[in-house]
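**Q** generate a structure from the sequence data that follows.
(chains A and B)
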Protein chains: 2
Amino acid sequence: MIKVAVLGYGTVGSGVVQVLQDNNELIASRIESPIEVKYILDLREFPGDKNEDLIVHDVNVIMDDPEISIVCETMGGTGAAYEFTKTALSRGKSVCTSNKALVEKYGPELIALAGKNNCNYLFEASVGGGIPIIRPINTSLAPEHITSIVGILNGTTNYILTKMDTEGADYADVLKKAQELGYAERDPEADVEGHDAGRKIAILGSLMTGKTVHYEDMYVEGITSIDTLDFAFAGAMNKTVKLIAGIYDNDGEITALVAPHMVNKDHPLAGVNDVFNGIYVTGNMLGEVMFYGKGAGKLATASAVVSDVVDIARADIKGVKIPCAWGEGSQKLTDHRQRKGRFFLRVKETDSDKLKSAVNGLAEETVIDGHAGYITGLMTEEELDKALAGIGTDVKMIRLLQA
Amino acid sequence: MIKVAVLGYGTVGSGVVQVLQDNNELIASRIESPIEVKYILDLREFPGDKNEDLIVHDVNVIMDDPEISIVCETMGGTGAAYEFTKTALSRGKSVCTSNKALVEKYGPELIALAGKNNCNYLFEASVGGGIPIIRPINTSLAPEHITSIVGILNGTTNYILTKMDTEGADYADVLKKAQELGYAERDPEADVEGHDAGRKIAILGSLMTGKTVHYEDMYVEGITSIDTLDFAFAGAMNKTVKLIAGIYDNDGEITALVAPHMVNKDHPLAGVNDVFNGIYVTGNMLGEVMFYGKGAGKLATASAVVSDVVDIARADIKGVKIPCAWGEGSQKLTDHRQRKGRFFLRVKETDSDKLKSAVNGLAEETVIDGHAGYITGLMTEEELDKALAGIGTDVKMIRLLQA
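**A** The predicted model follows:
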């Protein structure tokens, strides 16, 4: 019998309990052993809840119980969640989590601690909700030299951008509507400024390079400056605008950034709309694959946590360490402005001659509402900045997705 | 040191050798052991080939060598490939394959034989080329009750349908062009009649239900009857036409079929174009996820074979059996005509009154070039057949994708 404890009976935690209970027979058949939730840690009481009897308030009940071999950490935050995870791992209890902040901040330490104690720290649910991505990178793509991962990793901003695109709506209006629908937080900064997507690409990048990619080293730009005119230009150029979190390996030079990008309509990521996420991975042998699905949501995220529970339960039978491509050391990031790309540039129509004389090789001239838009040739962002320095007028720039 | 033999030095086999050699250092680091290709079995000589010295003509050299723990079967066919696979497995050598015909025909027997001999029979490359799909179903989706798998599983037909859609071209013309480009065989029957897609959905269905889904029990219809007028109607209704291979679990009643379907333009599968494949999986907790990528191609398919090699090499260290959801017994299929759906119907405009009096609740009336098209309400195909019996005019029917 596999006995599991769940830390935190909030949205994801209660989802994990539900998946483990509602699909119990099926999961037991997959791991070839019965499995049950023995404890749920929460500070609150849940009178009338069917799992009322499983609630404990003292984490030591869980940590001191040798029957508990797997702990699901669905508390969130980097305080108590960090302490409890360390305690569990140091006692040989495997931990699986949906807590991207914790994984991003302490991943290497917790992975190493798990290794030392012959157990596992798994985090499939920390990126892309229910979309299988961490495990496929660790297993299916193990033979691949991954050269880039680009993703739409934040559902809130993707919902806002999709509505701006399809309804011609204003950023502020759509944000308000998203908040009313519960798709955006009342304080939307972590989403709209790109921090959430940045933490997720840092995790994926750490698996890709094998070394820790630090989110703080990355250039991160949100979607707050994207306006309806940008979408008008994008539409005229058969493109759309997406918040892209990307990490690229150019012959060993690693660059990573989060920023709005113009994406060609025929690129698979252009079809990832509303609150959905898509993760587009390029390998040196495989070419491109994309993983698509709901990037959030109670049961989808919970299912990903439970997929880790299943992995651990299966591996525990033989004492196997589950492979994780995230190794020791920090990954040096090269300034993203040194990577070559193409750029959308927009100026007032009256300034178009100024722009054309500053930047060579502009193409796809498009005029909308007194503004002129162009696509640059292949150049680095540094070269672009130099060309635009001292031009004496406002130039709006949006990167083009190259992967 | 892990030593591998490759059976067949054709397109996929030479790709497997290339992936194992070109990415050797990386793969060795993933499995924490050196790995090398020791033998390549082929009847031909390859003078001047860098791996000339590895070629053997006698399979017993491989089977009798205790150093060989993993055999990659990339010969194709169900004759010698079947015999060699049985021999290898019965001697405890794990086999990984890209041979969908063999997996579809003898999968359960070979999986059981591997189990008996404490080794593994893996076939990630048999469906969707390089797209990770078999392993995610066996691991990432292990907690899920999968309620449907619908896929665009054949690149040739998807290329033809994409060109018909985007260029308004004729089926026969596009087929000819696809043959010239090497995307279609000179004898295209296995592709255009849906057999290839049928074998693949049978494999995925066997993983979904846990019992063998027999391809012969399935309704299979190809794309040869799809014409430009169908695409004109699809376009007018904001849809496209795709060859869909689907298996559905409606409260335990399993239906499976391969047939052209009209797909709404905003469905993720509608964006799967050209030779790409997409597999859209629905789970009871997870909701929908889609896996997208190249469904064929030398290195993409080879990479999937090598991902199985990596899995086996990792598991061999501890003698672990890799999970496979495909168990014993045959899956009974319910007649697909008993599943409810919606249907596109098309008649000559002069016969539209006849059709409207035969079938209740037709909607979205569209008239193009003297023909009238409609979408039915929700009904079974059996009910539709009954309604159309004796109508006394030709009615073209295309199913609508419901998943």
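
**Q** drop to CA atoms for contacts and neighbour counts, all remaining ones
**A** Noted.

**Q** now the helices for chain A?
**A** With DSSP state H as the criterion, chain A has helices at A:11-22, A:24-31, A:59-63, A:80-90, A:100-116, A:134-138, A:155-167, A:171-180, A:189-192, A:195-209, A:228-236, A:298-316, A:352-358, A:381-388.

**Q** and the second one, what does it pack against?
**A** Helices and strands touching helix A:24-31, as assessed by 3 or more C-alpha pairs under 8 Å, 6 or more residues apart in numbering or on different chains; DSSP states H and E, comprise strand A:35-41, helix A:298-316.

**Q** same check on the last one?
**A** Using 3+ C-alpha pairs under 8 Å, 6+ apart, the elements in contact with helix A:381-388 are helix A:352-358.

**Q** buried set for the helix it packs on?
**A** Residues of helix A:352-358 classed as buried: A:352, A:355, A:358 (neighbour count, 16 or more other C-alpha atoms under 10 Å in any protein chain shown).

**Q** and what of stretch A:384-397?
**A** Under the neighbour-count criterion of 16+ other C-alpha under 10 Å, stretch A:384-397 has A:384, A:388, A:395, A:397 buried.

**Q** the residue in the stretch 301-403 of chain A that chain B sits nearest to: neighbouring residues, count only.
**A** Proximity of the stretch 301-403 of chain A to chain B (C-alpha to the nearest C-alpha) peaks at A:Ser307, 5.2 Å away. For A:Ser307, the tally of surrounding residues (other C-alpha atoms under 10 Å in any protein chain shown) stands at 28.

**Q** you'd agree A:Ser98 is up against A:Val305?
**A** Yes. Between A:Ser98 and A:Val305 a contact is recorded at 6.5 Å, counting by C-alpha atoms under 8 Å.

**Q** CA atoms only for stretch A:308-323, dumped as PDB, please.
**A** Extracted in PDB, the C-alpha atoms of stretch A:308-323 (Å, rounded to 0.1, in the frame of the first residue of the first chain):
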ATOM      1  CA  ASP A 308       4.600  12.200 -10.600                       C
ATOM      2  CA  VAL A 309       3.000  10.200  -7.700                       C
ATOM      3  CA  VAL A 310       2.600   7.300 -10.100                       C
ATOM      4  CA  ASP A 311       6.200   7.600 -11.300                       C
ATOM      5  CA  ILE A 312       7.500   7.600  -7.800                       C
ATOM      6  CA  ALA A 313       5.300   4.700  -6.700                       C
ATOM      7  CA  ARG A 314       6.400   2.600  -9.700                       C
ATOM      8  CA  ALA A 315      10.100   3.500  -9.100                       C
ATOM      9  CA  ASP A 316      10.000   3.000  -5.400                       C
ATOM     10  CA  ILE A 317       9.200  -0.700  -5.900                       C
ATOM     11  CA  LYS A 318      12.800  -1.100  -7.300                       C
ATOM     12  CA  GLY A 319      14.400   1.900  -5.600                       C
ATOM     13  CA  VAL A 320      15.000   3.600  -8.900                       C
ATOM     14  CA  LYS A 321      16.000   7.300  -9.200                       C
ATOM     15  CA  ILE A 322      13.900   9.000 -11.700                       C
ATOM     16  CA  PRO A 323      16.000  10.700 -14.400                       C
END
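
**Q** what's in contact with that stretch?
**A** A:2, A:27, A:30-32, A:70, A:72, A:94, A:96, A:115, A:118-120, A:122-124, A:138-139, B:139-140, B:142-143, B:318, B:320 (C-alpha atoms under 8 Å, 6 or more residues apart in numbering or on different chains).

**Q** now list the buried members of these.
**A** Buried residues within the contacts of stretch A:308-323, defined by neighbour count using 16+ other C-alpha under 10 Å: A:2, A:27, A:30-31, A:70, A:72, A:94, A:96, A:115, A:118-120, A:122-124, A:138-139, B:139-140, B:142-143, B:320.

**Q** out of the helices and strands packed on helix A:24-31, which is closest to A:Gly373?
**A** Closest to A:Gly373 of these is helix A:298-316 (C-alpha to C-alpha; 40.4 Å).

**Q** rewinding a little: now do the contacts for the residue of the stretch 301-403 of chain A closest to chain B.
**A** Neighbouring residues of A:Ser307 by C-alpha under 8 Å, 6+ apart: A:124, B:139-143.

**Q** give me the low-pLDDT residue ranges for chain A?
**A** Low-confidence segments of chain A, defined by pLDDT under 70: A:317-319.

**Q** quick check: domain ranges of it?
**A** Listed by automatic domain parsing, the domain ranges of chain A are A:2-130+A:297-316, A:137-294, A:340-400.

**Q** distance between the ends of the first one?
**A** It refers to domain A:2-130+A:297-316. End-to-end span of domain A:2-130+A:297-316 (C-alpha to C-alpha, to the nearest Å): 10 Å.

**Q** how about CSV for the helices of chain A, with distance to A:Asp249 added?
**A** CSV is the format used below for those (distance: least, C-alpha to C-alpha, whole Å):
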stretch, distance to A:Asp249
helix A:11-22, 34
helix A:24-31, 37
helix A:59-63, 41
helix A:80-90, 31
helix A:100-116, 20
helix A:134-138, 16
helix A:155-167, 25
helix A:171-180, 33
helix A:189-192, 26
helix A:195-209, 8
helix A:228-236, 27
helix A:298-316, 28
helix A:352-358, 30
helix A:381-388, 17
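
**Q** right, so of the ones you listed, which gets closest to A:Ile244?
**A** Of the helices of chain A, the one closest to A:Ile244 (C-alpha to C-alpha) turns out to be helix A:195-209, at 8.2 Å.
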